[in-house]
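J.: quick one, structure for this:
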Amino acid sequence: MMSSTPDQAGTLRQMSSHQSKASSELQMPATRVISITSGKGGVGKTAVVSNVAVSLARLGKKVLIIDADLGLANVDVVLGISPPYNLNHFFSGERSLADIMVEGPHGLKILPAGSGVQQFTRLDGQLKMRLIDALDALDEHFDVVLIDTEAGISDNVTYFNVAAQDILVVTTPEPTAITDAYALMKLLSTHYHQKRFLLAVNSVRSADEGLDVFEKLTMVSGRYLDIFIDYLGAIPFDRKMHDSVRQQRVMIELYPDSKVAKSFVELAATLMEIPQNNQAQGTLQFFWKQFLGVGAEAS
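T.: The predicted structure follows:
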């Protein structure tokens, strides 16, 4: 009888450890997983991602950016970072996600993508599964995960958008940008059953211009789609945005008193005030497991 005591004690310690870990995971604050996307390139989507991410990091949030533009990545360029590795190295099996993750301003973390490699611009089922497993294995909690998708309606765009809890569509007042934003929402609604979209309008000349874009999209979607669009606000046009890109610094730090910078800060705050999608589980684990569902459909 005495010889079994150490085994029993070890079992009890192991059970206690698992229970403690499970309890701590239950107490872990919810993670917001937001894809930031656009139907058309050149609308300033990556500028929105980077400025919102830095705004949240300055508020003390633990932020992760996933650069999901796997062929023409530029989050690292906008933030002035030169990562030695990127997601191409992960998909090729050369590096782990932990190896390629880099730190940006105010401690935010980035999973950078590569540029000019067509091989990974469309992920197959096997690569999706590898990504799921690697993301699941990341031993770090984030308050907010921002996914910077590529523009358009490719498989990768729908894949990352459907995996997120919230989808923020960025457009401009240009007719082609509005049309493409609607086309993206239509695709995600009719083929992937997405019913809720967030909207931000970039490069407006006035607040009314942003509202006008929102009203146009609401009118057309109300007639042809069963979706809800939540308008988060507009970002004014400012030529200093070009200076920001050239200097590889975000507007909120380079020109903190500008109307654009204040708009980005307000957008970040508004994002955090919106109730989470009630279909989501509210944890980072939900996001990774949601990938599994999407991957099973697409593969």
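
J.: residue contacts, residue 150?
T.: Applying Cβ atoms under 8 Å, 6 or more residues apart in numbering to residue 150 gives the contacts 68-72, 121, 156-157. Using the backbone N, CA and C atoms, a C-beta is placed for each residue, glycine as well.

J.: how about the helices in the protein?
T.: 5-27, 45-58, 75-78, 87-91, 97-100, 125-137, 155-163, 175-192, 207-224, 240-247, 251-254, 259-273, 284-298 (DSSP state H).

J.: turn these into CSV, including mean neighbour count.
T.: Shown next, in CSV, are these (neighbours: other Cβ atoms under 10 Å):
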stretch, mean neighbour count
helix 5-27, 10
helix 45-58, 25
helix 75-78, 20
helix 87-91, 22
helix 97-100, 16
helix 125-137, 16
helix 155-163, 21
helix 175-192, 18
helix 207-224, 16
helix 240-247, 15
helix 251-254, 20
helix 259-273, 18
helix 284-298, 17
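
J.: okay if I get the ones you listed as a markdown table plus mean pLDDT?
T.: Output for the helices of the chain, formatted as a markdown table (pLDDT from 0 to 100):
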| stretch | mean pLDDT |
| --- | --- |
| helix 5-27 | 50 |
| helix 45-58 | 96 |
| helix 75-78 | 87 |
| helix 87-91 | 89 |
| helix 97-100 | 92 |
| helix 125-137 | 77 |
| helix 155-163 | 86 |
| helix 175-192 | 96 |
| helix 207-224 | 97 |
| helix 240-247 | 91 |
| helix 251-254 | 95 |
| helix 259-273 | 96 |
| helix 284-298 | 45 |
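
J.: quick check: residue 162 touching residue 189?
T.: No - the pair residue 162 / residue 189 is not scored as a contact, 11.1 Å apart, by Cβ atoms under 8 Å.

J.: follow-up on the earlier one: adding distance to residue 64, write the helices of the chain out as a markdown table.
T.: As requested, the helices of the chain are exported to a markdown table (distance: least, Cβ to Cβ, whole Å):
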| stretch | distance to residue 64 |
| --- | --- |
| helix 5-27 | 18 |
| helix 45-58 | 9 |
| helix 75-78 | 11 |
| helix 87-91 | 13 |
| helix 97-100 | 11 |
| helix 125-137 | 10 |
| helix 155-163 | 13 |
| helix 175-192 | 23 |
| helix 207-224 | 28 |
| helix 240-247 | 22 |
| helix 251-254 | 18 |
| helix 259-273 | 15 |
| helix 284-298 | 9 |
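
J.: and residue 113, which of those helices is closest to it?
T.: helix 87-91 (4.8 Å; Cβ to Cβ).

J.: so what touches that closest one?
T.: Contacts for helix 87-91 (Cβ under 8 Å, 6+ apart): 67, 70, 73, 95-97, 99-100, 111-114, 117, 119-120, 123, 127, 130-131, 134.

J.: measure stretch 71-91 end to end?
T.: 13 Å (Cα to Cα, to the nearest Å).

J.: chain center to it: distance?
T.: 15 Å (Cα atoms, centre = their mean, to the nearest Å).

J.: residue 253 versus the residue nearest to residue 106 when sequence neighbours are not counted, what's the distance?
T.: In space, residue 106 comes closest to residue 57 once its chain neighbours are excluded; the distance is 3.8 Å by Cβ to Cβ, 6 or more residues apart in numbering. Noted for residue 57: a distance of 11 Å to residue 253, by Cβ to Cβ, to the nearest Å.

J.: what touches both of these two?
T.: residue 105.

J.: so which of the contacts of residue 150 belong to strands?
T.: residue 68 (DSSP state E).

J.: which of the contacts of residue 150 are buried?
T.: When these are checked for burial by 16 or more other Cβ atoms under 10 Å, the buried set is 68-71, 156-157.

J.: which one of those residues is nearest residue 261?
T.: Among the buried ones among the contacts of residue 150, and counting by Cβ to Cβ, the member closest to residue 261 is residue 69, at 23.9 Å.

J.: what's the nearest residue to that closest one if we skip its chain neighbours?
T.: Here the residue nearest residue 69, using Cβ to Cβ, 6+ apart, is residue 150, at 3.9 Å.
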